[in-house]
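> coordinates only, sequence not included:
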């Protein structure tokens, strides 16, 4: 598969489709598609950097698919941490899908995300890798506003990376990431942010936790 073929596939997949709840096997397949993109790059990266928690599985599977080293960085919006610590509510919400889609729930989510939109990171026991002179590919599950990707990109560039590119499963349409943070992914599969197994309301969430443990990772809470 050439890079032109990948570009054409991206163009065909870029239209927004209905949101889906993905199983572990379906998510794994999409992660391998990210790996296919890396294989088709004219200049392959030296290091894949995944963003915890959502980017762990995409980064690990993509890196293993092409035989490249990877590093996981703990970077997220504050709202993600709070949601993680309220995961019991998310599990209850699985049984009330109509409420999750209600106008009230959507307004609350927008207000919550706006209030706790600050970026936070944790490098304890997992310091940032040496990237001076290296070609870096940031891999994540999705780009929403682009704030976390921009944060990592800027850190890598400041540390002397030769170049920093981005590959994600989904590039969301709710926010203009290019206008907000100068973030446009070099690769994306589609423009709908699905309910991934690492999303707490996904029925496959416990299976994902098991996968994490087998790979030697712990959930960042």
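Nice, I can see it. Since the model is a prediction, treat every value here as computed from it, not as a measurement.

> can you give me the neighbour number for the residue nearest to residue 26 when sequence neighbours are not counted?
Across the structure, with C-beta to C-beta, 6 or more residues apart in numbering as the measure, the residue nearest residue 26 apart from its sequence neighbours is residue 20 (7.9 Å). C-betas here are computed from N, CA, C, even on glycine. Using other C-beta atoms under 10 Å, the number of residues around residue 20 comes to 11.

> next one: residue 127
For residue 127, the count of nearby residues is 9 (other C-beta under 10 Å).

> helix, strand or coil for it?
For residue 127, the reduced secondary structure class is coil; criterion used: DSSP: H, G, I helix; E, B strand; the rest coil.

> distance check, it against residue 50.
15 Å (C-beta to C-beta, to the nearest Å).

> next: residue 35.
Here the criterion is C-beta to C-beta. By it, residue 35 lies 12 Å from residue 50.

> identify the contacts common to these two.
Residues touching both residue 35 and residue 50 (C-beta atoms under 8 Å, 6 or more residues apart in numbering): residue 63.

> more neighbours, these two?
For residue 35 against residue 50, the residue with the higher neighbour count under other C-beta under 10 Å is residue 50, and the figures read 25 against 21.

> I'd like the average pLDDT over the helix or strand hosting that one.
Mapping residue 50 onto the secondary structure by DSSP states H and E places it in strand 47-52. Averaged across strand 47-52, the pLDDT comes to 96.

> and what of stretch 61-76?
Looking at stretch 61-76 alone, the average pLDDT works out to 95.

> distance between the ends of that stretch?
The straight-line separation of the ends of stretch 61-76 (C-alpha to C-alpha, to the nearest Å) is 21 Å.

> and stretch 213-221, by the same measure?
Start to finish, the residues bounding stretch 213-221 are 14 Å apart (C-alpha to C-alpha).

> stretch 128-148 too?
Looking at stretch 128-148, the gap from its leading to its trailing residue is 15 Å under the measure C-alpha to C-alpha.

> returning to that earlier point: list the contacts of the residue nearest to residue 26.
For residue 20, the contacting residues are 26, 192, 194-195, taking C-beta under 8 Å, 6+ apart as the criterion.

> ok, residue 135 next?
Residues touching residue 135, when contacts are defined by C-beta under 8 Å, 6+ apart, comprise 43-47, 161-163, 165.

> look up how far residue 34 lies from it.
As it turns out, when the distance is counted by C-beta to C-beta, residue 135 lies 16 Å from residue 34.

> residue 173 too?
Shown here: residue 173 relative to residue 34, a distance of 19 Å by C-beta to C-beta.

> all the helices of this structure, residue numbers only.
In order along the chain, the chain carries the following helices (DSSP state H): 3-13, 24-40, 56-66, 78-85, 87-93, 97-100, 103-115, 147-158, 177-181, 205-214.

> now the first one: mean pLDDT?
Spelled out, it's helix 3-13. Here helix 3-13 scores 48 as its mean pLDDT.
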